[in-house]
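Asks: Fold the stuff below for me.
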Amino acid sequence: MEDGGHETAIQFKPNGYNTPKLRDAFSRFTSGITIVTAASDQGPVGITANSFSSLSLNPPLVLWSLAIKSKRFSFFEQPEYFAIHILAANQEKICNKFVKSPFAFEDHMALQNIHGVPLIENCLARFECKKSVIYPGGDHIIVVGEVENVEIRDGNALTFFAGQFQELSVL
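Replies: As a prediction, this is how the structure comes out:
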């Protein structure tokens, strides 16, 4: 170990042969965990996403990205309305359920907004959105939504760093 206990840095040029290293590098950014939900012809659907970001205050815009090769792509490319839920530290179990299945809703999550979008309760924040535009982004699409309704509450955040869930506490 060098540099005060840190390992020596690794440098590389991203290419098709070292995507695991690139994914590992991306994982060094601590991100919050969200679940994006929408209505579909197969019922309410959800997907975990850490690609969420605020974009604009006026107009109120947010964005998230979705892999084009995702089996859930069609569920989220089409709907005009969706909701983004920022998860609290005690919602890791909910997150894991949506990693496994887009249909992971339980009875206590059966709420819907006026557009039929399924809503998850007790999140740190929830943004109910109308799709504004979709941009191409390599092997993903970037979905921009105009925020129509917001709900917030206090609590600790569920975060993701280096492939592991973490809790970020409010000081």
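
Asks: Can you check the pLDDT for the residue nearest the centre of the chain?
Replies: Central residue of the chain (Cα atoms, centre = their mean): residue 49, 2.3 Å from the mean position. Turning to residue 49, the model gives it a pLDDT of 91.

Asks: Phi, psi for it please.
Replies: Note on residue 49: its backbone torsions stand at phi -150, psi 130 [degrees, to the nearest 10].

Asks: surely it meets residue 66?
Replies: Yes - the criterion here is Cβ atoms under 8 Å, and residue 49 meets it with residue 66 at 7.3 Å. (C-beta placed from N, C-alpha, C; glycine too.)

Asks: helices or strands next to the helix or strand of the chain with the lowest mean pLDDT in the packing?
Replies: Least confident helix or strand, the chain: strand 164-168 with a mean of 72, by mean pLDDT, DSSP states H and E. For strand 164-168, the elements it packs on are strand 157-161, judged by 3 or more Cβ pairs under 8 Å, 6 or more residues apart in numbering; DSSP states H and E.

Asks: Can you point out the buried residues in the strand it packs on?
Replies: 157-160 (16 or more other Cβ atoms under 10 Å).

Asks: cool, and stretch 21-28?
Replies: By neighbour count with 16+ other Cβ under 10 Å, stretch 21-28 contains no buried residues.

Asks: any weak-confidence spans in this structure?
Replies: 1-5, 27-30, 107-110, 171 (pLDDT under 70).

Asks: can you give me the strands for it?
Replies: In the chain, the strands defined using DSSP state E lie at 31-32, 34-38, 45-49, 53-56, 61-67, 81-86, 125-137, 140-152, 157-161, 164-168.

Asks: Residue 94: which of those strands is closest?
Replies: Taking Cβ to Cβ as the criterion, residue 94 comes closest to strand 34-38 out of these, the separation being 7.1 Å.

Asks: wait, isn't residue 69 in contact with residue 140?
Replies: No - in this structure residue 69 lies outside contact range of residue 140 using Cβ under 8 Å: 9.3 Å.

Asks: So for those two, which residue has more residues nearby?
Replies: When residue 69 and residue 140 are compared for neighbours, residue 140 comes out ahead with 17 against 8, by other Cβ atoms under 10 Å.
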